[in-house]
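>>> below is the structure, and that's it, no one-letter string:
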């Protein structure tokens, strides 16, 4: 719900300013329409239904996984595809995975979103409307910005959405923002008063290999990224979650586990090992035995390490799988075709693609086993 548009409309209708808060309170509690807001005058409810879209997003498709995960494919008012996921756990947690962009301007080789055409940054209202969609299904209590896009490249809107998530039921301490290592964003998050958790998508401690997997490493080298994360810890006193996708024969050896442990301070970092979820990238996931051995080596060096529970793999809703596959007009299009047509570009895309995409795409073939 675009609260600025709502507020402007209410002013034009001669309504008192507190009406905006009334409407938002109903929406945050899971109301499905203006008609449900019983403490608003009936005429106003009818007028708002005619003049203000209840959501900035249209639900195009919803998929349900065998483990209870729900994935929603939305479309923005200008036609951009966005996916978000609700994960329900046995301990009662109901966590939503939110997207900050339509597609992603970065080109991590193992991630389906990175192979999409990039659309644009999402507004704060478009981010919130993902959360509100799932709130209408039931209560939600955790949020992770690990869906489509690099949140730190759209941090103004991400933080604006985070400010309102507690109204929906998700406190700041139960909110995490993931980044591939976009240092300006890490620094801003460290300075922000909200106690939001930071997650770092790392995936290789060797600089050359990380550049092959994640071309952004050439722009923001891993030692500088680690230093920024350590500064975040010193400011917030909250451990940084390190996300590490396990790729067979690429980054899962005993030596690579030891190298990872050598760059992470156990006081400041916790490692989440992520079983690889199939995409069209050509990678193969590490075996359970290899993941267990990797975890053991990290723990031998004093690091706290866990293996992430995979959710929603059978509906392409797991980590790294979001690609709006049900939206053929946008999915599976190369970034080169997008740039040649001039679509989906902005300053952030141009900056990253000019310095990162071309040279690293030539090297990517060497890491696909």
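Perfect, thanks for sending it. None of the values given here were measured: they were computed from a predicted structure. Numbering: from 1, shown residues only.

>>> which non-adjacent residue is nearest residue 154?
residue 121 (4.1 Å; C-beta to C-beta, 6 or more residues apart in numbering). Every residue, glycine included, has its C-beta placed from N, CA and C.

>>> from residue 294, how far off is residue 273?
6 Å (C-beta to C-beta, to the nearest Å).

>>> pick out whichever of the two has more residues nearby.
residue 294 (25 against 21; other C-beta atoms under 10 Å).

>>> how about the helices in the stretch 51-200 of the chain?
Ranges of helices in the stretch 51-200 of the chain, per DSSP state H, counting those that start in this stretch, are 124-135, 155-168, 183-191.

>>> and the ones you listed as TSV, adding mean neighbour count?
TSV is the format used below for the helices of the stretch 51-200 of the chain (neighbours: other C-beta atoms under 10 Å):
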stretch	mean neighbour count
helix 124-135	25
helix 155-168	19
helix 183-191	18
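
>>> what would the ones you listed look like in JSON lines with distance to residue 82?
Formatted as JSON lines, the helices of the stretch 51-200 of the chain follow (distance: least, C-beta to C-beta, whole Å):
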{"stretch": "helix 124-135", "distance to residue 82": "7"}
{"stretch": "helix 155-168", "distance to residue 82": "13"}
{"stretch": "helix 183-191", "distance to residue 82": "20"}
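
>>> how about CSV for those helices, with mean pLDDT and distance to residue 50 added?
As requested, these are exported to CSV (pLDDT from 0 to 100; distance: least, C-beta to C-beta, whole Å):
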stretch, mean pLDDT, distance to residue 50
helix 124-135, 97, 19
helix 155-168, 97, 25
helix 183-191, 97, 39
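
>>> right, so of the ones you listed, which gets closest to residue 231?
helix 183-191 (5.9 Å; C-beta to C-beta).

>>> what is that closest one packed up against?
helix 155-168, strand 175-179, strand 197-201, helix 222-236 (3 or more C-beta pairs under 8 Å, 6 or more residues apart in numbering; DSSP states H and E).

>>> what's the domain layout of the protein?
Annotated domains of the chain cover 1-54, 55-364 [automatic domain parsing].

>>> give me the common contacts of residue 273 and residue 294.
residue 246 (C-beta atoms under 8 Å, 6 or more residues apart in numbering).

>>> related to what we said a few turns ago, nearest to residue 59, of the helices of the stretch 51-200 of the chain?
Closest among the helices of the stretch 51-200 of the chain, using C-beta to C-beta: helix 124-135, at 6.8 Å.

>>> list of residues touching that closest one?
By C-beta under 8 Å, 6+ apart, helix 124-135 touches 1-4, 27-30, 55-57, 59, 70, 72, 74, 76, 82, 84, 86, 94, 96, 98-100, 140, 143, 147, 156-158, 160-161, 164-165, 168-170.
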